[in-house]
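Enquirer: Coordinates for the following, if possible.
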Amino acid sequence: MPQTPEPETYTLPPAAPFANHGRTKAAWVLMWCVCLGFLVTGLGLMLSNQVVVIVGVVLTVGGAVLSLVMRGMGLGQPATAGVHTDQRDWYSA
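Expert: Next up is the predicted model:
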């Protein structure tokens, strides 16, 4: 006689997921600065111009710092409040 598996029980997350899917102003600044920085760095490497390479690296790192500052100002994805690591389930992972 085959055994029937026990039914799976799932619980809902403590809060609804964010509806912006990570499309925040801080994320857009990071994406554009990093893309532009890599483009400038690549152009500097092709032209063998050290100044252009340094400008591209500074632009890339500066974009990351600017994005972190913008997130600290509240323009990024908010941190999930009230969700502890021991309470995470399949939906919040």
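Enquirer: how far is stretch 41-53 from where the chain is centred?
Expert: Its chain's C-alpha centre and that of stretch 41-53 lie 28 Å apart, by CA atoms, centre = their mean, to the nearest Å.
Enquirer: which of the residues in that stretch are buried?
Expert: 41, 44, 52-53 (16 or more other CB atoms under 10 Å). For every residue, glycine as well, the C-beta is placed using N, CA and C.
Enquirer: from memory residue 63 sits against residue 27, does it?
Expert: No: judged on CB atoms under 8 Å, residue 63 makes no contact with residue 27 at a distance of 11.1 Å.
Enquirer: that older thread, would you point out the most distant pair within the buried residues of stretch 41-53?
Expert: Across those, the longest distance by CB to CB is 7.8 Å; it joins 41 and 52.
Enquirer: Which helix or strand lies directly C-terminal to the strand or helix carrying residue 29?
Expert: Remark: residue 29 resides in helix 25-47, with elements defined by DSSP states H and E. Following helix 25-47 in sequence order, the next helix or strand is helix 50-72 (DSSP H and E).
Enquirer: tell me the secondary structure for residue 8?
Expert: Following DSSP: H, G, I helix; E, B strand; the rest coil, we place residue 8 in the coil state.
Enquirer: how close does it sit to residue 14?
Expert: 19 Å (CB to CB, to the nearest Å).
Enquirer: Please say which of the two ends up with more neighbours.
Expert: Higher neighbour count among residue 8 and residue 14: residue 14, with 14 against 6, using other CB atoms under 10 Å.
Enquirer: Run through this protein and note the low-pLDDT ranges.
Expert: Within the chain, the segments meeting pLDDT under 70 span 1, 13, 15-18, 79-93.
Enquirer: repeat that with 50
Expert: Residues of the chain meeting the criterion pLDDT under 50: 82.
Enquirer: Need the residues that contact stretch 28-37.
Expert: The contact list for stretch 28-37 (CB atoms under 8 Å, 6 or more residues apart in numbering) reads 56-64, 66-67, 70.
Enquirer: can you pick the most crowded of these?
Expert: Comparing those by number of neighbours (other CB under 10 Å), residue 67 comes first, having 23 neighbours.
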